[in-house]
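1. With the sequence up front, the predicted model follows.
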Amino acid sequence: MVIPTPPVLISERQIQRKVGRLAARISADYGAVDDLLMVGVLKGAFIFLADLSRRLAIPRRVDFMALSTYGDGTTTGAVRLIMDLRTDIRGKHVLVVEDIVDTGHTLAYLMKTLAAREPASLACCALLRKLDRKKVDVDIDYLGFDIPDVWVVGYGLDCADQHRTLPYIGTVAPGST
Ligand code: PRP
């Protein structure tokens with residue numbers, strides 16, 4: 001089966017430059033912290049977390065959570081926890097790492113859930129945000145790019161589980177692979 005190569009929305013070079021800048025900001029902001037825990041949201045954030053974590057100049061650990069929305073997540077906003085952290089975050093400095101904030105339901109649920117566990121601090125970093133799709137307000141402390149309301153793949157993001165390992169962010173027609 002031949003899968004067409006998606007056209008580029010954000011190039012590998014643009015992504016890597018942005019990841020470097022985000023890593024520099026985070027390293028400066030958490031310079032006095034020796035126990036930063038980066039929480040990647042599976043599956044989409046696995047590549048962004050891998051690149052970002054390796055470019056930090058400060059001590060850090062990583063853990064993961066997996067969430068899913070019921071239906072397409074746009075109507076009810078109901079989010080389900082599929083896999084929880086292995087780490088007890090009470091008293092720790094936590095940075096959530098997301099690939100994309102679309103309606104905002106997933107990140108809002110995650111921040112509320114993690115805040116209830118009483119970390120020393122809680123912030124989030126998202127590579128992409130679709131402002132046109134916003135349903136709930138959620139603060140993003142470190143943001144890579146605002147993008148238009150198009151279906152994006154690559155750098156961890158998928159369409160029917162295809163294209164996650166593309167090194168750039170590309171676009172596909174809705175429903176296609
Ligand atoms: C994507 C993305 C975010 C969420 C954002 O995950 O990784 O977690 O959607 O959407 P929202 O802002 O509308 O809540 P997805 O459900 O596609 O799962 P995946 O990361 O496993 O591909």
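-> Thanks, I have the structure now. Residues are numbered from 1 along each chain as shown.
2. just the strands in this structure please.
-> 8-10, 36-42, 60-69, 79-83, 93-101, 121-129, 142-146, 152-153, 169-171 (DSSP state E).
3. what's the fourth one packed up against?
-> For strand 79-83, the elements it packs on are strand 60-69, helix 105-115, judged by 3 or more C-beta pairs under 8 Å, 6 or more residues apart in numbering; DSSP states H and E. The way it works is simple: take the backbone N, C-alpha and C, and place the C-beta from them, glycine included.
4. Now the shortest one - C-alpha only, CSV.
-> Output in CSV follows, covering the C-alpha atoms of strand 60-69 (Å, rounded to 0.1, in the frame of the first residue of the first chain):
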residue,chain,number,x,y,z
ARG,A,60,14.6,16.1,34.7
ARG,A,61,12.7,12.9,34.8
VAL,A,62,9.9,11.7,32.5
ASP,A,63,6.7,9.8,33.1
PHE,A,64,3.6,9.3,30.9
MET,A,65,-0.2,9.3,31.0
ALA,A,66,-2.6,8.2,28.4
LEU,A,67,-6.0,9.7,27.9
SER,A,68,-8.8,9.4,25.5
THR,A,69,-11.9,11.4,24.7
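5. Pull up the pairing partners for that strand, direction included.
-> Strand 60-69 pairs in its sheet with strand 36-42 (parallel), strand 79-83 (antiparallel), by DSSP bridges.
6. quick one: average pLDDT of the last one?
-> Here strand 79-83 scores 93 as its mean pLDDT.
7. how about it: buried residues?
-> Neighbour counts over strand 79-83 (16 or more other C-beta atoms under 10 Å) mark Val79 as buried.
8. same deal with stretch 56-74?
-> Neighbour-count burial for stretch 56-74 [16+ other C-beta under 10 Å]: 56, 60, 62, 64-65, 67, 69, 73.
9. Mind picking the lowest-pLDDT entry from those residues?
-> Gly73 (49).
10. Rebuild the strands of the chain as a markdown table, extending it with distance to the ligand.
-> As requested, those are exported to a markdown table (distance: least, C-beta to the nearest ligand atom, whole Å):
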| stretch | distance to the ligand |
| --- | --- |
| strand 8-10 | 16 |
| strand 36-42 | 5 |
| strand 60-69 | 6 |
| strand 79-83 | 7 |
| strand 93-101 | 5 |
| strand 121-129 | 9 |
| strand 142-146 | 13 |
| strand 152-153 | 10 |
| strand 169-171 | 13 |
